[in-house]
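Asks: Sharing a sequence plus its predicted fold:
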Amino acid sequence: MPFAPARWFLQSLMVVSLSGGALSSSLVTVPAVAAATLAVNPLATTSGYYINGVFYNSSDVAHSQAELLALNQALAQAGVAALYLMLNGEVANYQAFMQQVSSSDNLVNQFLAYAQQHPFTLPAATVLARPDGSQVPYYQTSDPSVTSTGSGTLSSGTGSSTSGAGGTAVTASSSGGGTSGSAVGGGGSGSTAGAGGLNLPALADSVQLPSVGQAVSNGAQDDSVDWQRMSEDFYIMAQTTPIASTTSTPPLLLALQPGQTVYLAAYKENAAVPPRACQWTVNSAQARVTPQMAGATYTLNGYTVAAAQFVAQSPGIYTVQAYANGEYSVPLVLVVGLNALTGSAPLAAATDSGVVPLPAGWQPGALVTGTYFDYTVGSPVNGWLPVTGKAHTPGGQVSVVLSSGGQSWLYTVPEQADGSFAACLRSPYTGSVNVGFVPNLFQQLNQNSSYQWADATTVTVPEVAPTLQHQALFASAMRDYNVQAPYAATAAKLAAAAPTLDTAIAAISNVVSETVAYNFTAANNNQVPWQDAATTWNTRLGVCQDMANLAAAMLATLGVPVQTLTGTANNGAQTESHEWDQAWDGRNWLIFDPTWGAPDDGPIDTLVNEFFTDTVSLQASHQWSAGGTGTAFAPVVGVPGPDKPGQFRKTEALVGQPALAAPWAVSARREEEGT
C-alpha cells in the first residue's frame, strides 16, 4: 500500500502522529524513560528515529519541543524515504514498511516482524541528537562492543553527605528457610586488557542528592517542619471508602482524583486520640481536611481514633498531619491525579548506576573461550572493571557477579542480538575480586532454586572503595534500572511534584504500596517467583522483596541512595522473613516498608504511614539481620575459588506479609457525638 499517515506506539515511550511526511507537534506522552538514561539502556529496549546519520531518541522527542522541531526539520529536508524507525532495538525503513502494510491492526507487531526480516544496522558514524542541540557519537550493533556518549569522560556530581546508621555493608542476601549451598566461583586467569584511556570517577566522594519540586502545581508548601516535629507513635490511615465500610469494589487509591473524598483516621496503638481535640493540617490551600465530630465513634484495639475527610481540588502531592495531646502524627502523603501530574525531575547520572558503556576507543584484549561465554575483563580504572564478551547462546542479557571477602554484587549487562556485550562496572569492593558471568540468572533461580556459572576470572582492584551512599545507588540484578526502567517516568513525575525530598520518598513508597498487589497465592504455596523491579512494575504483583526492590529502583533512578534491608518481621500472627528499605535524604537513613503500607492483595484502597520512618511500630515489628543490606538476592557462603564452577544457593524468597494488627481492622460503634 502507498505511504499513508499512521500512529505509532513506541513501546510505551511515546505516541506520535506521522502526517504528510512530517511529525506532528501534537504529542501524547505516556510514562517514559527519560533521555538521561539512554546511554545505559539496552539497545533492545531503545526506540527512536534515524535520519541521515542522526538518531533521535523517542523520549527526547516526547519531552523536548526543540528536539521535536529538529526532527521535523530533518524529515522535511531528507524526505520520508530517509526515515528509519527503531522499536525495541529493531530498525527498518518507515516508507518501505508502510508500502507493504495490509492492515492497520497491530502495527507495532507488524513492524517488529518486518524489521527482523529486513534488518538495518545503524552505521558506526551515527550521532545522537540531544535536546540541548548537541550531537554526540552513538554506536549501535555495527560495533557491538561499544555503546558510548563519545567523550570517554564521565563525571559525577558533588554534594554533602555523611554516613548514616543502619547497614554499612553491601552484600547479596536473602532470608528464609531452606538449605544454603557453597559459593564457589569459576576460575581461570581470564584475559585482562589495558585501560585504553578510560577516565571514570572513583565515586569516593559524596553524592549529590536530586532536586525536587520542579513542578509543584497545587500550591503545596514546604513541609520540612512536618517531618521534623512528628511523633514516632502517632499515625494516620487513609482509605477511599468510609471507615469500616464493607464494599466489595472500593475505588483504588492509585486512581485518586480531585474532588474525591478520602477518609482518614488518626490513631495510636496503645492510646486514644480524642476526635474533638484532634486538629488537622494540610500543606496546600487547594485541599481541605474536615474533622468528623459527630456520628460514629471509631476505635482501634479498643482505643478511640479521630476521623476526618480529605478532599483536594487539583492534582498534586499533599501532606496531611494530625495534632492531638501535644503530639504531631507521622505525615501522610497523598498523591492525587497521578496521571495528570506534569513535570519531570532529572534522572541520575549514568555513573550512579555503577554500569556505564565502554567509552569509545577502548580496545579489549583477546577473549577467553569459556563454557557459556567468551569474555575478557580489563584492568580496573578507579574501581571500574571493563568487561566485554559474547554469549554462546544469546539470552538478551548477562548477569555479572562480583565477589570478594564473602560478599557479592550482581549487575545486569544487556546483550546485543548476537550475544555480544560490553560495559564498565564499578566494583563495590577492593582487593581481590572474582568476576563471574552468569547465564539466564532468573531462569536458573526459578527452575533450580540456585544459580551457577562456569566462566570467571579474578582481578585486583587497588582503588578506594566507593562511599556507602554511592554503593546504595548501584543497580543490581533485582533493581536493574540500568537495563530497563518502565517506572522511571513515574518516579521523576512524583519527585517534580513533591515539595521536599522526604515527601518524594514517601510518595514513591506509597505508589508502590498502591500499585503492587501482594501475591498471597504464590507466597502461601511457596512458589514465589524471582523477578526484577521492571517485572514487578509491569505485572503489578509481588511479595515484600519485590516491593522493596521496586521502591529502591524508583528512588535510585532519581539519584536517591537506597538500600534494601532484610531480616524478619512479626505481622501479628507469626515472625517471617521480610524485606524493606532505607533511603538517604542527606541527613538520615529514612526507613520505610512499602509492603506494609497497604493491607492486602487488592483492591488496594487503604494506605497507612505506621511503617514509614523508624516508627515505634516498625521498631517493634521489624528486626534487621546484620549484613542483610544490598541486593537481597542470596547469602554468600564462602569466597569463589580459582578452579571450580560457581554456585550460589538461594534459600527461600522473602515472603513477609502485611501486618495483621493494622488500622484496617478498625471497628465502628454508634454513639452520641464523638468523645
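Replies: Nice, thanks for sending it over.
Asks: Give me the average confidence score over stretch 553-571.
Replies: Here the mean pLDDT over stretch 553-571 is 92, rounded to a whole number.
Asks: Pick out the residue closest to the middle of this protein.
Replies: Nearest to the mean C-alpha position of the chain, counting by C-alpha atoms, centre = their mean, stands Ala553 at 2.5 Å.
Asks: Could you check which helix or strand contains it?
Replies: Assessed by DSSP states H and E, Ala553 sits inside helix 544-558.
Asks: can you check Gln116 too?
Replies: When secondary structure is defined using DSSP H and E, the element that contains Gln116 is helix 107-117.
Asks: Only the buried residues of that helix, if you could.
Replies: Residues of helix 107-117 classed as buried by neighbour count (16 or more other C-beta atoms under 10 Å): Leu107, Gln110, Phe111, Leu112, Tyr114, Ala115. C-betas here are computed from N, CA, C, even on glycine.
Asks: Now do the strands in the stretch 351-500 of the chain.
Replies: Counting by DSSP state E, counting those that start in this stretch, one finds strands in the stretch 351-500 of the chain at the ranges 355-356, 368-369, 373-377, 384-391, 397-404, 407-414, 420-426, 431-438, 450-453, 455-461.
Asks: Could you dump the ones you listed into TSV and include mean neighbour count?
Replies: Written out in TSV, the entries for the strands of the stretch 351-500 of the chain read as follows (neighbours: other C-beta atoms under 10 Å):
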stretch	mean neighbour count
strand 355-356	26
strand 368-369	14
strand 373-377	23
strand 384-391	25
strand 397-404	25
strand 407-414	25
strand 420-426	25
strand 431-438	23
strand 450-453	22
strand 455-461	22
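Asks: lowest-confidence stretch among those strands?
Replies: Among the strands of the stretch 351-500 of the chain, strand 450-453 carries the lowest mean pLDDT, at a mean of 85.
Asks: List the strands paired with it, with their directions.
Replies: strand 646-649 (antiparallel) (DSSP bridges).
Asks: quick one on the thing from earlier: do you know how far the residue nearest to the centre of the chain is from Met478?
Replies: Counting by C-beta to C-beta, to the nearest Å, the gap between Ala553 and Met478 amounts to 8 Å.
Asks: what do the two both touch?
Replies: Shared contacts of Ala553 and Met478 (C-beta atoms under 8 Å, 6 or more residues apart in numbering): Ala533.
Asks: And Thr319, how close does it get to Gly436?
Replies: Plainly put, Thr319 is 46 Å away from Gly436 if you go by C-beta to C-beta.
Asks: Same question for Asn339.
Replies: As for Asn339, its distance to Gly436 is 42 Å (criterion: C-beta to C-beta).
Asks: Quick one: the strands in the stretch 151-300 of the chain, in order.
Replies: Using DSSP E, counting those that start in this stretch, the strands of the stretch 151-300 of the chain run over residues 235-239, 262-267, 279-282, 287-291, 296-300.
Asks: Ala465: which of the ones you listed is closest?
Replies: strand 235-239 (38.5 Å; C-beta to C-beta).
Asks: The closest one packs against which elements?
Replies: Using 3 or more C-beta pairs under 8 Å, 6 or more residues apart in numbering; DSSP states H and E, the elements in contact with strand 235-239 are strand 262-267, strand 316-324, strand 332-336, strand 606-608.
Asks: hang on, the earlier thing: ok, which of the strands of the stretch 151-300 of the chain comes nearest Asp374?
Replies: Distances from Asp374 to each of the strands of the stretch 151-300 of the chain were compared using C-beta to C-beta; the minimum, 54.8 Å, belongs to strand 235-239.
Asks: What angle do strand 332-336 and the closest one make with each other?
Replies: Angle, strand 235-239 to strand 332-336, by axes from the mean of the first three to the mean of the last three C-alpha atoms, to 10 degrees: 20 degrees.
Asks: Pull up the pairing partners for strand 235-239, direction included.
Replies: strand 262-267 (antiparallel), strand 606-608 (antiparallel).
Asks: pLDDT averaged over that strand, what's the number?
Replies: 95.
Asks: do you know how far the residue nearest to the centre of the chain is from His578?
Replies: Ala553 sits 19 Å away from His578 when distances are taken as C-beta to C-beta.
Asks: What of Ile604?
Replies: 19 Å.
Asks: now do Ala265
Replies: Remark: distance between Ala265 and His578 (C-beta to C-beta) = 25 Å.
Asks: So those two - more neighbours on which side?
Replies: Of the pair Ala265 and His578, His578 is the one with more neighbours under other C-beta atoms under 10 Å, namely 30 against 26.
Asks: quick one: that one and Met547 touch, right?
Replies: No - under the contact definition of C-beta atoms under 8 Å, His578 does not touch Met547, with a separation of 10.7 Å.
Asks: Could you tell me how far the helix or strand encompassing Thr568 lies from the centre of the chain?
Replies: In this structure, Thr568 is located in strand 562-570 according to DSSP H and E. Going by C-alpha atoms, centre = their mean, to the nearest Å, the spacing between the C-alpha centre of strand 562-570 and its chain's C-alpha centre is 17 Å.
Asks: Paired strands for it, with orientation please.
Replies: On the basis of DSSP bridges, the sheet neighbours of strand 562-570 come out as strand 575-584 (antiparallel), strand 622-630 (antiparallel).
Asks: CSV please, covering those and showing distance to Trp530 and mean pLDDT.
Replies: What follows is the strands paired with strand 562-570, written out as CSV (distance: least, C-beta to C-beta, whole Å; pLDDT from 0 to 100):
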stretch, distance to Trp530, mean pLDDT
strand 575-584, 13, 90
strand 622-630, 16, 74
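Asks: looking at those, which is closest to Lys493?
Replies: Shortest distance between Lys493 and these, using C-beta to C-beta, is found for strand 575-584: 17.9 Å.
Asks: Would you mind extracting the C-alpha trace of the next helix or strand after that closest one into CSV?
Replies: Remark: after strand 575-584, the chain's next helix or strand is strand 589-592, criterion DSSP H and E. Listed in CSV are the C-alpha atoms of strand 589-592, where the atom choice follows Å, rounded to 0.1, in the frame of the first residue of the first chain:
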residue,chain,number,x,y,z
TRP,A,589,18.7,6.9,56.5
LEU,A,590,14.9,7.1,56.3
ILE,A,591,13.5,3.7,56.9
PHE,A,592,10.2,2.6,55.3
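Asks: element containing Val560, please.
Replies: Here Val560 sits in a region with no helix or strand, counting by DSSP H and E.
Asks: Please tell me I have it right and it contacts Ala583.
Replies: Yes - applying C-beta under 8 Å as the test, Val560 and Ala583 come out as touching, 5.4 Å apart.
Asks: now the stretch 51-200 of the chain, which segments are flagged as low pLDDT?
Replies: Scanning the stretch 51-200 of the chain for pLDDT under 70 picks out 59, 62-65, 88, 103-106, 132, 136-199.
Asks: can you pull out the helices in it?
Replies: 58-63, 65-78, 94-99, 107-117 (DSSP state H, counting those that start in this stretch).
Asks: among those helices, which is nearest Gly396?
Replies: Checking the helices of the stretch 51-200 of the chain against Gly396 by C-beta to C-beta gives helix 107-117 as the closest, at 14.7 Å.
Asks: show me what contacts Ser353?
Replies: Val40, Leu473, Phe474, Ala475, Tyr481, Asn482, Ala556.
Asks: one step back: list the residues that contact both of Val560 and Ala583?
Replies: A shared contact of Val560 and Ala583, defined by C-beta under 8 Å, 6+ apart, is any residue touching both; here these are Ile505.
Asks: what about the two, which has more around it?
Replies: Here Val560 and Ala583 are set side by side on neighbour count (other C-beta under 10 Å), and the busier one is Val560, at 29 against 25.
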